[in-house]
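Novice: Provided below for reference: sequence and predicted model.
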Amino acid sequence: MSSAYVLLEDGTRFDGESVGAPVSTTGEVVFTTGMSGYQESMTDPSFARQLITFTTAHVGNYGVSEQFMESDRIHAGGAIMRAAVDYDDAPAAEQGWLSWLKANGIPGIAGVDTRALVRHIRTAGSMRGGIFTADVPVNEARERIAAEPSMVGRDLAREVTIAKPTIFAGEGDGPRIVALDTGIKRSIIRNFTSRGATLEIYPCTTSAEDLLKADPDGFFLVPGPGDPAALDYIVENIKTLLSTKPVFGICLGHQLLSRAAGLETFKLPFGHRGANHPVKDLRTGRIAITSQNHGFAVAGTPGEIIESELGAAQLTHVNLYDNTIEGIRLLDVPAGCVQYHPEAGPGPNDSLGLFDEFIALFEAAHA
Ligand SMILES: NC(=O)CC[C@H](N)C(=O)O
């Protein structure tokens, strides 16, 4: 195996071995604490332009298969690991993890002191960096990292959005929901269609006028990569949609709905990525262990009620690790959202019931 290295924009270097495709790439270096679900994470569009450091000690202990794709391709730029194996013998596995990375042209690096790397990011913050094969000189690697745009201000929704409207028919006669595709995951589609709802997915650049022409029972705002503050063209459309139909959202969708309600978003120092983040719903006192994958958050005080041009909005959910906002509810129109991932994919299934609540609210508005 040939050697490779991770270089961060502040000059910190970690050595390892090239696994996956023997190529070099740059992106934002982030970490996730999920102990499994590496295939789902790599294919989640929200990881576009990011290099994922896995804090779990072994990656690849089970193989990959079509069933666990969260989109049609790998979106993350690369995988940084302590130990990587290519085990493809598990039930339902179609390919080993490393053969899959290689076949898709995605680099991995193993043998990295991921604990030191994560401790560095926790102190210094997520930053740009790269995975480089040993033949790339450090000064060239530095130039390539400097040429990588910062995640702040970056509109990546346009890069991952669907090319043309697509319908996913529900397995029943539930509500018709229009989703604006900023980077949807298959597990979100499945959670709606298996509950009988039909999801019509539109490119994120579709005008409010065209979205209203579809005349659905409600609108859904989905996750996606990049900085929510770079998506004001979507925020303006959401304001128009909110005056007509119920609007609910997840993750990037939560950030965009919150911005439409007049709240600000900001970049977290190193983000929340993992499968065990405790989130409290301040209305009920209930705590859910949630799946998370985000680098930005909504600014505000947990529990606070603010006045906005859309009426009152309550900051209903809080992350118990760092007290950041994890959900809001508009009090004068049927709208609300959460920062975490009820669809899991990967992660705990504790919050799957939220899809029943979304559907009931769409149905109530239709009745
Ligand atoms: N999963 C997501 O929707 C991520 C949202 C946004 N890109 C962030 O990093 O905060």
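Specialist: Nice, I can see it. Numbers count the residues shown, from 1 in each chain.
Novice: next up, the contacts around the residue of the stretch 1-150 of the chain found nearest the ligand.
Specialist: For the stretch 1-150 of the chain, the residue positioned closest to the ligand under CB to the nearest ligand atom is residue 46, at a distance of 3.3 Å. In short, each C-beta sits where N, CA and C put it, glycine included. Applying CB atoms under 8 Å, 6 or more residues apart in numbering to residue 46 gives the contacts 75, 183, 185, 223-225, 251-252, 293-294.
Novice: looking at these, which is nearest residue 173?
Specialist: Proximity of those to residue 173 (CB to CB) peaks at residue 185, which lies at 24.4 Å.
Novice: quick revisit: run through the contacts of residue 46 and flag the ones next to the ligand.
Specialist: Intersecting the contacts of residue 46 with the contacts of the ligand gives 223-225, 251-252, 293-294 (criterion: CB under 6 Å from any ligand atom).
Novice: those in strands, which ones?
Specialist: Under the assignment DSSP state E, the ones next to the ligand among the contacts of residue 46 contribute 293-294 to strands.
Novice: show me what the lengthiest strand in the chain is packed up against.
Specialist: Secondary structure assigned by DSSP E gives strand 265-281 as the longest strand of the chain. Strand 265-281 sits against strand 25-32, helix 114-124, helix 252-260, strand 286-298, strand 311-319, strand 325-330, with contacts defined as 3 or more CB pairs under 8 Å, 6 or more residues apart in numbering; DSSP states H and E.
Novice: wasn't residue 201 part of a helix?
Specialist: No. Using DSSP: H, G, I helix; E, B strand; the rest coil, the secondary structure at residue 201 is strand, not a helix.
Novice: can you pick the most crowded of the contacts of residue 46?
Specialist: Taking other CB atoms under 10 Å as the neighbour criterion, residue 224 ranks highest of the contacts of residue 46 with 32 neighbours.
Novice: okay, the contacts of residue 46 in a markdown table with pLDDT next?
Specialist: Formatted as a markdown table, the contacts of residue 46 follow (pLDDT from 0 to 100):
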| residue | pLDDT |
| --- | --- |
| 75 | 98 |
| 183 | 98 |
| 185 | 98 |
| 223 | 98 |
| 224 | 98 |
| 225 | 98 |
| 251 | 98 |
| 252 | 98 |
| 293 | 98 |
| 294 | 98 |
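Novice: for those, which one is nearest residue 309?
Specialist: Distance ranking of the contacts of residue 46 against residue 309, using CB to CB, places residue 252 first at 21.3 Å.
Novice: parallel or antiparallel, which strands does the helix or strand containing residue 52 pair with?
Specialist: Here residue 52 is covered by strand 50-54, with elements defined by DSSP states H and E. Sheet partners assigned to strand 50-54 using DSSP bridges are listed as strand 25-32 (parallel), strand 78-80 (parallel).
Novice: need the residues of this structure near the ligand, please.
Specialist: If contacts are counted using CB under 6 Å from any ligand atom, the residues of the chain sitting beside the ligand are 46, 223-226, 251-252, 293-296.
Novice: partner strands of the helix or strand residue 307 falls within, with direction?
Specialist: With elements delineated by DSSP H and E, residue 307 resides in strand 305-308, which encompasses its position. For strand 305-308, the pairing partners within the sheet under DSSP bridges are strand 311-319 (antiparallel).
Novice: hang on, the earlier thing: tell me which of the helices and strands packed on strand 265-281 is the most buried.
Specialist: Per residue and on average, the most neighbours among the helices and strands packed on strand 265-281 fall to helix 252-260, with a mean of 28 (mean count of other CB atoms under 10 Å).
Novice: circling back to that earlier point, next, the angle from the strand holding residue 52 to helix 114-124.
Specialist: In this structure, strand 50-54 runs at an angle of 120 degrees to helix 114-124, with axes from the mean of the first three to the mean of the last three CA atoms, to 10 degrees as the basis.
Novice: now the angle from strand 50-54 to strand 265-281?
Specialist: Calculated by the same axes, to 10 degrees, strand 50-54 forms an angle of 40 degrees with strand 265-281.
Novice: next SSE after strand 50-54?
Specialist: On the C-terminal side of strand 50-54, the closest following helix or strand by DSSP H and E is strand 58-59.
Novice: what lines up beside that next one in the sheet?
Specialist: For strand 58-59, the paired strands and their directions (DSSP bridges) read strand 83-84 (parallel).
Novice: bridged to residue 290, which residues?
Specialist: Using DSSP bridges, the bridge partners assigned to residue 290 are residue 277.
Novice: verify the stated contact: it with residue 346.
Specialist: No. Distance between residue 290 and residue 346: 11.7 Å, which falls outside the contact criterion (CB atoms under 8 Å).
Novice: ok so, going back, quick one: distance of the strand holding residue 52 to the chain centre.
Specialist: 13 Å (CA atoms, centre = their mean, to the nearest Å).
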